[in-house]
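Peer 1: curious how this folds, go ahead:
(one chain, ligands or ions: 1)
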Amino acid sequence: MAKIVCVLYPDPVNGFPPRYARDSIPVLTGYPNGQTLPTPADIDFTPGELLGSVSGELGLRAFLEARGHTLVVTSDKDGPDSVLDRELQDADVLISQPFWPAYLSAERIAKAPQLKLALTAGIGSDHVDIDAAIAAGITVAEETYSNSISVAEHAVMQILALVRNFLPAHRWAEQGGWNIADSVSRAYDLEGMDVGVIAAGRIGQAVLRRLAPFAVKLHYTDKHRLSADVEAELGLTFHPDAQSLARAVDVVSIHAPLHPETRNLFDEELIGSMRRGSYIINTARAQIVDRDAIVRALESGQLAGYAGDVWYPQPPAPDHPWRTMPNNAMTPHVSGSTLSAQARYAAGTREILEDWLDGKPIRDEYLIVDGGRLAGTGAASYTATVNATPAA
Ligand code: NDP
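Peer 2: Residues are numbered from 1 along each chain as shown. Have a look, this model is predicted:
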């Protein structure tokens, strides 16, 4: 029987379950690239409910306990004597979420000799030390595509919020003012601007598609070029690297995974090479940008705005400078955890667990690490310093 430790974000401060704003979520038929939605044998939750917090338990308890497995759910993941550290010692499976990441470091892996599966409920497994997981033979998997469109919508919203100066205008309205000049003195139309994405994967491409109707000039860079048909359809300008793209645009939206090639990519020099008054939106991972270089660029006016939902560490300290830096439109890490997304990643988590517990292969597109090497989506999008087993 397996022991599954699941680290989820805390329940709402007003109690669980919340009073839902709507009675249902739309039923989707598939993902844009033809990938099928999660296919668990069954689910024990109602799509549209809060599943990602501790009491939601990703809807897993009845399923796991009926099979005799042990499920431990906690949000206590940091500090010297966390519940996570105590429970991980004899765990077979760790489930964590990027929104409230249980950082699975090499030290933690060394103290978890039975750990065989590190499952990300969502997308983005950089909170797992990939090299250490490879060396320890731990399988790493995530629910590819489950929240890609959710994040793309959030990125487009934050682009518009910054360029249109939405938040300051909203604050004037809320505070009883009618300060048109104050509100519009930093407001522009997006129309006609050069907008670029770093990485045109699932999220990056969805952002490009959603922005095309705004009559902007679209740019992208990626390790692999998109097909000529897609480039022509969306009117895309390809750049061989981030340096070339950054110089050519007014708005950058970052959608690359965090790995050695992308860590600290947007440093002082790259930000300094951008047009004065550029905007950066980062819903990928915080460490792709230099935290303090962003603050300085906002203070100097080199950047007109910065938005995103990813921070490091998570949760960030109360005095993290991104909470109060000028012209930011930051949110907590929420873009990929809408109630709509939760239904998909909870179902995907269940699908992966069903397969893994039955000794069946996990869908290739869900795999990041398997059999001592990068696999599936991981082999396409990540880099590792070591591969215990050479990649085929
Ligand atoms: P995909 O795997 O579909 O796309 C990632 C893309 O990044 C691929 O096209 C890959 O290239 C490209 N890429 C990798 N390294 C580089 C590089 N050095 N330079 C340029 N391009 C690069 O992932 P998703 O679009 O689904 O997700 C992207 C990231 O977004 C995730 O890794 C995660 O960190 C983040 N995310 C954030 C969420 C949130 O809630 N804020 C939720 C979900 C994801 P290729 O494959 O062509 O080699």
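
Peer 1: helix or strand next in line after the helix or strand where residue 352 lies, which one?
Peer 2: Using DSSP states H and E, residue 352 sits within helix 339-357. As assigned by DSSP H and E, the chain's next helix or strand after helix 339-357 is strand 367-370.

Peer 1: report the mean per-residue pLDDT for that next one.
Peer 2: Per-residue pLDDT over strand 367-370 has a mean of 98.

Peer 1: same deal with stretch 31-51?
Peer 2: Rounded mean pLDDT across stretch 31-51 is 97.

Peer 1: how many other residues sit next to the residue of the stretch 151-300 of the chain found nearest the ligand?
Peer 2: Of all residues in the stretch 151-300 of the chain, residue 201 sits closest to the ligand, at 1.7 Å by Cβ to the nearest ligand atom. Where C-beta positions appear, they are placed from N, C-alpha and C, glycine not excepted. Neighbourhood size, residue 201 [other Cβ atoms under 10 Å]: 21.

Peer 1: repeat for the one 3 residues further on
Peer 2: Taking other Cβ under 10 Å as the criterion, the count of residues near residue 204 is 26.

Peer 1: which residue is the nearest non-sequential neighbour of it?
Peer 2: Leaving out its chain neighbours, the residue that sits closest to residue 204 by Cβ to Cβ, 6 or more residues apart in numbering is residue 255, at 3.7 Å.

Peer 1: re the thing from before, so the residue of the stretch 151-300 of the chain closest to the ligand makes contact with residue 222?
Peer 2: Yes: using Cβ atoms under 8 Å, residue 201 makes contact with residue 222 at a distance of 7.3 Å.

Peer 1: how about the strands in the stretch 101-250 of the chain?
Peer 2: 117-120, 139-142, 194-198, 217-221, 236-238 (DSSP state E, counting those that start in this stretch).

Peer 1: for residue 63, find the nearest of the ones you listed.
Peer 2: strand 117-120 (14.1 Å; Cβ to Cβ).

Peer 1: okay, the closest one in PDB with CA atoms only?
Peer 2: Provided in PDB are the C-alpha atoms of strand 117-120 (Å, rounded to 0.1, in the frame of the first residue of the first chain):
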ATOM      1  CA  LEU A 117       6.800   9.600  -7.800                       C
ATOM      2  CA  ALA A 118       6.700  13.400  -7.600                       C
ATOM      3  CA  LEU A 119       3.500  14.600  -9.100                       C
ATOM      4  CA  THR A 120       2.800  18.200  -9.900                       C
END
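
Peer 1: residue 292 against residue 321, yeah?
Peer 2: Yes: at 7.2 Å, residue 292 and residue 321 qualify as touching, with contact defined as Cβ under 8 Å.

Peer 1: between these two, point out the one with more neighbours.
Peer 2: Neighbour comparison, residue 292 and residue 321: the larger count goes to residue 321, with 16 against 12 (by other Cβ under 10 Å).

Peer 1: around the ligand, which positions in the chain sit nearby?
Peer 2: Residues of the chain lying near the ligand by Cβ under 6 Å from any ligand atom: 98, 122-124, 147-148, 151, 199-204, 221-224, 255-258, 261-262, 283-285, 309-310, 333, 335-336, 377, 380-381.

Peer 1: which ones among these are found in helices?
Peer 2: Among these, the ones falling in helices (DSSP state H) are 148, 151, 202-204, 377, 380-381.

Peer 1: just to revisit the earlier point, please, a PyMOL command that selects the buried ones among the residues of the chain next to the ligand?
Peer 2: The buried residues among the residues of the chain next to the ligand can be selected in PyMOL (16 or more other Cβ atoms under 10 Å) with this line:
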select buried, resi 98+122+123+124+147+148+151+199+200+201+202+203+204+221+222+255+256+257+258+262+283+284+285+309+310+333+335+336+377+381
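
Peer 1: got a pLDDT number for the nearest residue to residue 258 once chain neighbours are set aside?
Peer 2: Spatial nearest neighbour of residue 258, chain neighbours left out: residue 285 (3.6 Å); criterion: Cβ to Cβ, 6+ apart. We have a pLDDT of 95 for residue 285.

Peer 1: how far away is residue 285 from residue 175?
Peer 2: 34 Å (Cβ to Cβ, to the nearest Å).

Peer 1: right, and residue 293 touches residue 271 too?
Peer 2: Yes: Residue 293 sits in contact with residue 271 when judged by Cβ under 8 Å, with a separation of 5.6 Å.

Peer 1: those two: which is more packed in?
Peer 2: Per other Cβ under 10 Å, whichever of residue 293 and residue 271 has more neighbours is residue 271, with 23 against 19.
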